[in-house]
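Participant: Sequence and predicted structure are below.
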Amino acid sequence: MEPPISNNKDLLTKKVAIFGLGDQKAYPDNFCDSVGLLYDKLEMRGAEIIGRTSCEGYEYNRSRGSFGGEHLGLFLDEDNQANLTDGRLEAWVAQLKEEFSIGKLDMKLV
């Protein structure tokens, strides 16, 4: 997914939010690494990455999707914390409304 040399900042005016789905107990050393991989590629292409979330409430050793005590997006663990998913999604959608400057536009989870 490397950008073409002549257009490597093609996402310069775009805001992007990332989420990852993983299993923090089965994969404690690379939980939601894909979030970090996507973050690196999107940032390289000029995107403004929004939607960072707290690392609190998770138990894993490391993730390429975490930096400075924050997740670079929303991390979900349906195997071990399915009961927290709805609340995390609702909070993240509210956060994204502000960060995307959507205001009162009705975003619903389907």
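Facilitator: Received, thanks. Numbers count the residues shown, from 1 in each chain.

Participant: Show me where this protein has its strands.
Facilitator: If you assign secondary structure with DSSP state E, the strands in the chain sit at 15-17, 19-21, 48-50, 53-54, 66-67, 70-71, 74-76.

Participant: For Val35, which of the ones you listed is the nearest?
Facilitator: Judged by Cβ to Cβ, the one of these that comes nearest to Val35 is strand 19-21, at 4.0 Å. Backbone N, C-alpha and C define where each C-beta goes, glycine included.

Participant: Any chance of CSV for the strands of the chain, columns distance to Gln95 and mean neighbour count?
Facilitator: Compiled in CSV, the strands of the chain are given as follows (distance: least, Cβ to Cβ, whole Å; neighbours: other Cβ atoms under 10 Å):
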stretch, distance to Gln95, mean neighbour count
strand 15-17, 9, 16
strand 19-21, 12, 18
strand 48-50, 8, 16
strand 53-54, 8, 16
strand 66-67, 17, 17
strand 70-71, 12, 19
strand 74-76, 9, 23
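
Participant: Just send these back as CSV, with mean pLDDT and distance to Val93 too.
Facilitator: Output for those, formatted as CSV (pLDDT from 0 to 100; distance: least, Cβ to Cβ, whole Å):
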stretch, mean pLDDT, distance to Val93
strand 15-17, 96, 10
strand 19-21, 98, 11
strand 48-50, 96, 12
strand 53-54, 98, 12
strand 66-67, 96, 21
strand 70-71, 98, 15
strand 74-76, 98, 9
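
Participant: any chance of the ones you listed in a markdown table, plus distance to Val35?
Facilitator: A markdown table is the format used below for the strands of the chain (distance: least, Cβ to Cβ, whole Å):
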| stretch | distance to Val35 |
| --- | --- |
| strand 15-17 | 10 |
| strand 19-21 | 4 |
| strand 48-50 | 10 |
| strand 53-54 | 10 |
| strand 66-67 | 8 |
| strand 70-71 | 7 |
| strand 74-76 | 7 |
